[in-house]
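Engineer: Sharing a model prediction with you, sequence too.
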Amino acid sequence: MRRKFIAGNWKMNHGPAATSEFFSKFGAELKDAKEVQEAVAAGTEEIAFFVPAVSLLTAVNVAKELPVIVGAENMHWEKSGAFTGETSGPMITEIGATHVLIGHSERRHIFRETDEELNKKVHAAIECGLVAVLCVGETLEEREGGKAFDVIKRQFVEGLKGIDGETLAHKMIIAYEPVWAIGTGKTASDADAEEVCGFIRGLAKENFCDKTAGELIILYGGSVKADNTKGIISQADIDGVLVGGASLKPDSFMQIVKNAL
Ligand code: PGA
């Protein structure tokens, strides 16, 4: 049985003060949610927050007593050097964060990050002991042009170059986020999301092996809310969700965590 992975991606929201406030409220919600506590303690559900770099230290400190994972939203592939404005993997691990998002669609499309760069980031993350969540997904134009599967295959294969199956299954997570469903209120239908997540599991089988494909955690992201979580999470190849807007408020995110149980 694969564990469920329920993650919030705060994007450029919540500085240190708001981060502190969020976790004290989320901690109170968690206290009342016995079934969530039990699932997390049993290892069947993980709760993660990907937060802005400036809020990472606060998040790690204030969430210390909570059974949650804290991760960064991005990183550079070099360990240090003349890269003004960037954050390296060792800086993230020094703070105590354990996970990192790589290749979120906003990184790919707004900041023009390429598959080659993202592959370097994946290697750098693994090297310094971070769990890398590699995001893939097609634009509306690519979907309408019948290219969705080609695009996802390219992002998967190029992004994972040089990575072995054991690493993919145990030190990585793949998140499918159709660009047209992010922040738009348009969720992919449960069947559409499952079709692509099943395709990704097939790619893991083809490029690695059955065991890797069976163990790989695959998430869906794009306008996930409390009321569509159950349908999405009940799909055979979807193990969790990556939530943007609805992860910014402790109560709405907790409802998603509960609905995913
Ligand atoms: P959304 O964002 O839930 O606001 O659509 C998801 C994401 O970009 O990770």
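Structural biologist: Cool, got the structure.
Engineer: Let me know the pLDDT of the residue of the chain found nearest the ligand.
Structural biologist: At 2.3 Å from the ligand, Gly244 is the closest residue in the chain, using CB to the nearest ligand atom. Any C-beta I mention is one placed from the backbone N, CA and C, and that applies to glycine too. In this model, Gly244 is scored at 97, pLDDT.
Engineer: Surely Glu46 is within a strand?
Structural biologist: Yes. Assessed with DSSP: H, G, I helix; E, B strand; the rest coil, Glu46 lies in a strand.
Engineer: quick one: it from Ile173, how far?
Structural biologist: Counting by CB to CB, to the nearest Å, the separation of Glu46 from Ile173 is 10 Å.
Engineer: what do you get for Ala7?
Structural biologist: 9 Å.
Engineer: do the same with Gly15
Structural biologist: When Gly15 is compared with Ile173 (using CB to CB), they lie 26 Å apart.
Engineer: quick one, helices of the stretch 1-150 of the chain?
Structural biologist: Using DSSP state H, counting those that start in this stretch, the helices of the stretch 1-150 of the chain run over 16-32, 34-42, 56-62, 89-95, 105-109, 115-127, 140-144, 148-159.
Engineer: Now distance to Gln235 and mean neighbour count too, for those, in CSV please.
Structural biologist: Putting the helices of the stretch 1-150 of the chain into CSV (distance: least, CB to CB, whole Å; neighbours: other CB atoms under 10 Å) gives the following:
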stretch, distance to Gln235, mean neighbour count
helix 16-32, 26, 17
helix 34-42, 19, 14
helix 56-62, 30, 20
helix 89-95, 31, 19
helix 105-109, 21, 19
helix 115-127, 25, 20
helix 140-144, 18, 15
helix 148-159, 16, 18
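Engineer: Mind putting the ones you listed into TSV with mean pLDDT?
Structural biologist: Output for those, formatted as TSV (pLDDT from 0 to 100):
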stretch	mean pLDDT
helix 16-32	97
helix 34-42	97
helix 56-62	98
helix 89-95	98
helix 105-109	97
helix 115-127	98
helix 140-144	94
helix 148-159	98
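Engineer: Make a markdown table from these and add distance to Pro250 to it.
Structural biologist: Below are those laid out as a markdown table (distance: least, CB to CB, whole Å):
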| stretch | distance to Pro250 |
| --- | --- |
| helix 16-32 | 4 |
| helix 34-42 | 13 |
| helix 56-62 | 12 |
| helix 89-95 | 22 |
| helix 105-109 | 23 |
| helix 115-127 | 28 |
| helix 140-144 | 32 |
| helix 148-159 | 32 |
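Engineer: Distance to the ligand for those - can I get that in JSON lines?
Structural biologist: Below are these laid out as JSON lines (distance: least, CB to the nearest ligand atom, whole Å):
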{"stretch": "helix 16-32", "distance to the ligand": "16"}
{"stretch": "helix 34-42", "distance to the ligand": "20"}
{"stretch": "helix 56-62", "distance to the ligand": "17"}
{"stretch": "helix 89-95", "distance to the ligand": "18"}
{"stretch": "helix 105-109", "distance to the ligand": "7"}
{"stretch": "helix 115-127", "distance to the ligand": "16"}
{"stretch": "helix 140-144", "distance to the ligand": "14"}
{"stretch": "helix 148-159", "distance to the ligand": "15"}
